[in-house]
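I'll drop the sequence and a predicted model, then ask my questions.
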Amino acid sequence: MLTLVTGATGQVGRRFVPRLLARATTGGAHGQGDQVRVLVRDGARAAPLADLGAQVVAGDIQDTEVLGEALAGVDSVVNLAASFRGVPDEEAWAVNRDAALELGRAAVRAGVRRFVQASTNVVYGTGRGRPHTEDDLPVAGGPLWGAYAESKGEAERGLLGLADLDVRVGRLAFVYGEGDPHLTQVMRWAREWAAAQRLQMVHHADVAQGLLRLLYAPGIDGRVYNIADDAPVTTVDLYTLSGLPVPEDLRAGDAEDPWSGIVSTERIRRELGYRPLYPSVWVARDAGVL
């Protein structure tokens with residue numbers, strides 16, 4: 001199987017692709033002998049992945065001619081390309097929705113069999129008074145996320161609606177670990193949160209194992225899976241993890257929405273055998289893999 005990975009030099013991609021390549025060389029019946037191709041805007045940045053054995057196609061995911069080259073002979077796609085918080089809304093829509101849907105349509109034209117879409121738990125929007133399940137209808141996110149949540153949600157709907165393409169969606173919690181700056185960057189917003197507000201997280205190692213399970217599992221066409229750890233942390237925990245003093249005037253009282261972003265992983269556990277390698281950020285800290 002030849003798998004194309006987009007967004008391969010991003011925070012998730014640069015940690016996922018080496019694990020996919022390792023699976024391709026040591027994966028036994030499921031993965032051994034597979035090949036990996038990456039689509040990146042800057043080919044030089046993909047040199048470490050090329051050294052590990054990845055085929056590299058340089059170009060923009062929004063360029064339809066480049067997509068034709070990247071998808072030639074491909075059996076499966078893992079779409080990790082995304083524009084996150086802080087970008088103009090126009091960019092979020094162009095990359096997260098429009099480019100993802102065009103990639104899906106191009107994959108159909110190229111005869112690709114399987115498509116894994118990396119999405120986000122923030123598509124759920126407001127809490128339901130319990131952990132979100134994959135059957136909950138997405139709700140547009142709040143102002144913190146800009147167009148990110150809504151654009152990712154529309155990409156999901158559009159891709160799942162494509163005929164002749166086996167689409168699987170992984171909704172990632174807040175990703176951290178292995179030097180990813182997200183854990184530091186989140187402190188920009190933590191000052192505005194209630195002390196008891198919770199954030200559900202997932203380590204890069206568990207992102208990778210979740211996506212690999214989605215990629216290789218048979219018979220899950222059209223299925224959506226939450227990928228997260230087992231122990232959401234509070235705003236106070238985030239200060240502790242960052243080695244920062246907790247502000248004395250950090251907002252007290254109840255969190256505005258204590259269930260926002262909190263998800264159930266029962267489906268991926270039951271159907272795909274997922275178990276977090278790092279069930280909490282505290283375990284990851286003690287293992288030295290933050």
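On my side now, so go ahead.

can you give me the strands in the stretch 51-200 of the chain?
Remark: strands assigned in the stretch 51-200 of the chain by DSSP state E, counting those that start in this stretch are 55-58, 76-79, 114-120, 166-172, 174-176, 198-199.

Quick one: the ones you listed as a markdown table, columns for distance to residue 207 too.
Backbone N, C-alpha and C define where each C-beta goes, glycine included. Output for these, formatted as a markdown table (distance: least, CB to CB, whole Å):
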| stretch | distance to residue 207 |
| --- | --- |
| strand 55-58 | 22 |
| strand 76-79 | 11 |
| strand 114-120 | 8 |
| strand 166-172 | 6 |
| strand 174-176 | 6 |
| strand 198-199 | 16 |
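
closest to residue 187 out of those?
strand 198-199 (11.3 Å; CB to CB).

What ranges in the chain fall below the confidence cut-off?
For the chain, residues meeting the criterion pLDDT under 70 lie at 27-32, 140-145, 253.

which stretches of it form helices?
With helices called from DSSP state H, the chain shows them at 13-26, 47-51, 64-71, 89-92, 100-109, 148-160, 182-185, 187-190, 204-216, 235-241, 266-272, 281-287.

Is it possible to get JSON lines of those helices that adds distance to residue 135?
Below are the helices of the chain laid out as JSON lines (distance: least, CB to CB, whole Å):
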{"stretch": "helix 13-26", "distance to residue 135": "26"}
{"stretch": "helix 47-51", "distance to residue 135": "36"}
{"stretch": "helix 64-71", "distance to residue 135": "31"}
{"stretch": "helix 89-92", "distance to residue 135": "26"}
{"stretch": "helix 100-109", "distance to residue 135": "22"}
{"stretch": "helix 148-160", "distance to residue 135": "13"}
{"stretch": "helix 182-185", "distance to residue 135": "28"}
{"stretch": "helix 187-190", "distance to residue 135": "29"}
{"stretch": "helix 204-216", "distance to residue 135": "17"}
{"stretch": "helix 235-241", "distance to residue 135": "29"}
{"stretch": "helix 266-272", "distance to residue 135": "9"}
{"stretch": "helix 281-287", "distance to residue 135": "27"}
